[in-house]
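**Q** Fold the following, please.
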Amino acid sequence: MRNLIDTLSIIFLAGFLVLCPFITDSQASSKTAYIIELNNDSINPITAEYIAQAIDKANDTNAACLILKLDTPGGLLDSTRSIVKKIMSSKVPVITYISPSGSRAGSAGVFITYASHIAAMAPSTNIGAAHPIQMGKQDKQKDIWDGLKELLEKKREGTSTSAPKSPDPKSHQDHLETQENIDAPPDNQIPQDMHPDEDALNSKILQDTTAFIRSLAQKRNRNVAWAVKSVTKSSSITATEALDLGVIDFIAKDENELFEKLNGRTVQIQDNEIILETNDIRAERIPMDFRQQLFNILANPNIAYLLMILGFYGLLYEVTHPGFGVPGILGTIFLILAFFSMQTLPTNYAGLALVILGLAFFIAEASAPGIGLFAVGGIISMLLGSLLLFDSSVPMMRVSFSLILSFTLTTAGITIFLVGNVIRAHRQKVISGQEGLIGEEGEVTKTIRPSHAGKVFVHGELWNAYASDEIKKGEKIIIAEVHGMKLKVKKA
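**A** Next up is the predicted model:
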């Protein structure tokens with residue numbers, strides 16, 4: 001019996017020593033707050049993967065909470081939905097902290113903030129403008145069309161285009177009622193103030209997005225009315241206004257104040273209530289790994305555009321020069337990276353086709369120089385294609401106009417330079433080969449008669465020569481034509 005007790009004691013002690021590190025780590029993790037940061041980064045598949053991995057790590061280690069320091073202009077709706085799903089299913093409280101001062105949670109950032117268990121903002125930050133990208137583009141096109149149609153109607157009626165249009169009392173009253181009741185929208189529909197002829201697909205996108213933000217607001221007990229307004233009206237508010245409207249839970253100037261205000265707060269995680277204890281909590285930051293940092297840089301539309309143009313230049317140089325070397329290899333790599341970047345961006349393939357068409361025009365102009373028609377077509381196609389390349393209302397998700405203009409003018413300049421060289425080369429006199437002999441002077445070494453050939457000395461060589469007239473030995477001649485190994489000459 002004593003031996004059995006000793007054996008069980010040894011087994012228990014060994015098991016305790018084995019499990020002790022795991023118990024310690026679990027206790028330590030429960031007093032750890034993981035911090036991740038999006039510093040002026042767009043919401044794309046890479047940042048979505050980064051946030052998802054951090055949430056998984058927090059869940060696996062039973063961390064006290066995960067803090068997302070957010071500064072984003074917005075991004076892709078699909079990536080936003082994947083982040084929101086991950087936050088909603090998290091077993092660890094996720095706190096979104098819009099920080100530091102001067103940051104913003106635009107577009108997709110609104111959805112992430114609303115999905116978080118606790119939302120906070122630093123002073124001098126803002127949140128809002130969650131209007132869907134596709135919808136914003138359609139509205140802009142319709143505004144232009146409506147303006148042109150109104151000008152045509154006024155011209156037809158013979159009225160001045162500057163004459164003020166009297167407002168419709170009924171529509172004005174409806175507008176006032178909509179503004180007054182914006183704090184209490186119906187639960188089953190969005191404000192009906194869209195264009196009557198609006199595209200059905202974009203209307204569905206808007207309604208779906210509005211329902212999405214409303215469901216998040218109801219789940220987290222945040223302001224539903226402003227959430228709807230941020231989507232339908234692109235409303236944007238400051239940190240103080242967000243606190244007053246119930247969009248966020250509190251304002252914290254830095255991380256220390258954030259942890260102070262988090263302490264003692266109750267968070268609903270599924271069916272359980274968790275009380276946060278952050279007085280002596282240990283903050284641990286989770287940075288992006290090298291792969292995520294690299295691909296997040298590539299998710300920049302300016303980088304994607306730059307890689308695409310440089311890749312084209314590399315391949316163009318390779319196909320116009322013999323052999324296979326560094327330009328071809330780099331060009332291929334750049335194009336592959338560019339197309340990867342375009343998969344993470346709202347790429348308009350009509351714009352991509354126009355860019356490729358413009359580059360093809362430049363090649364045609366350099367290959368078959370003419371009156372510059374191909375060059376003009378290339379400039380127009382490349383400029384329009386570059387402007388249409390990425391569909392987004394967020395400036396950060398579009399190619400910089402200065403970059404577009406510089407590359408378009410540079411490509412056009414290179415083409416004009418090459419065309420000029422080709423034209424000058426055609427105009428220059430040939431100085432090598434048999435064609436280079438035409439027009440050269442020589443001396444007759446054997447008399448030339450119409451009946452039989454003679455010999456001439458040209459460029460240090462003796463040539464058989466013939467002529468229509470007799471040319472005596474010692475006289476100077478000029479070469480008129482070259483026929484194989486014979487020269488047709490005439491007197492100088």
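
**Q** quick one, domains of this structure?
**A** The chain breaks down by automatic domain parsing into domains covering 25-132+210-288, 300-427, 434-491.

**Q** Out of the ones you listed, which gets nearest to Lys204?
**A** The closest of these to Lys204 is domain 25-132+210-288. By C-beta to C-beta, the value is 10.3 Å. From N, CA and C alone the C-beta is placed, and that goes for glycine too.

**Q** Of all the domains of the chain, which one comes closest to Ser203?
**A** domain 25-132+210-288 (10.5 Å).

**Q** thinking again about what came up before, most packed of the domains of the chain?
**A** domain 25-132+210-288 (a mean of 20; mean count of other C-beta atoms under 10 Å).

**Q** returning to what we had before: could you dump the domains of the chain into a markdown table with distance to Leu294 and mean pLDDT added?
**A** Shown next, in a markdown table, are those (distance: least, C-beta to C-beta, whole Å; pLDDT from 0 to 100):
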| stretch | distance to Leu294 | mean pLDDT |
| --- | --- | --- |
| domain 25-132+210-288 | 9 | 92 |
| domain 300-427 | 9 | 79 |
| domain 434-491 | 55 | 82 |
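
**Q** can you list these in JSON lines and add distance to Lys204?
**A** Below are the domains of the chain laid out as JSON lines (distance: least, C-beta to C-beta, whole Å):
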{"stretch": "domain 25-132+210-288", "distance to Lys204": "10"}
{"stretch": "domain 300-427", "distance to Lys204": "17"}
{"stretch": "domain 434-491", "distance to Lys204": "70"}
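
**Q** Before we go further, Leu487 is sitting in a helix, right?
**A** No - under DSSP: H, G, I helix; E, B strand; the rest coil, Leu487 falls outside any helix and is assigned strand.

**Q** and it, what are its bridge partners?
**A** In this entry, Leu487 is beta-bridged to Ala465, Val482, by DSSP bridges.

**Q** you'd agree it is up against Gly454?
**A** No - when contacts are counted by C-beta atoms under 8 Å, Leu487 is not listed as touching Gly454 (10.3 Å).

**Q** would you list every one of the helices in the stretch 151-300 of the chain?
**A** Along the stretch 151-300 of the chain, the stretches classed as helices by DSSP state H, counting those that start in this stretch are 169-180, 200-219, 224-232, 239-245, 255-262, 290-298.

**Q** For the fourth one, which helices and strands make contact with it?
**A** Using 3 or more C-beta pairs under 8 Å, 6 or more residues apart in numbering; DSSP states H and E as the contact test, the elements touching helix 239-245 are strand 118-121, strand 126-128, strand 250-251.

**Q** quick one, which of the helices of the stretch 151-300 of the chain is nearest to Leu276?
**A** Proximity to Leu276 (C-beta to C-beta) singles out helix 255-262 among the helices of the stretch 151-300 of the chain, at 5.1 Å.

**Q** re earlier: relative to Ile309, which of the helices and strands packed on helix 239-245 is closest?
**A** Proximity to Ile309 (C-beta to C-beta) singles out strand 126-128 among the helices and strands packed on helix 239-245, at 34.7 Å.
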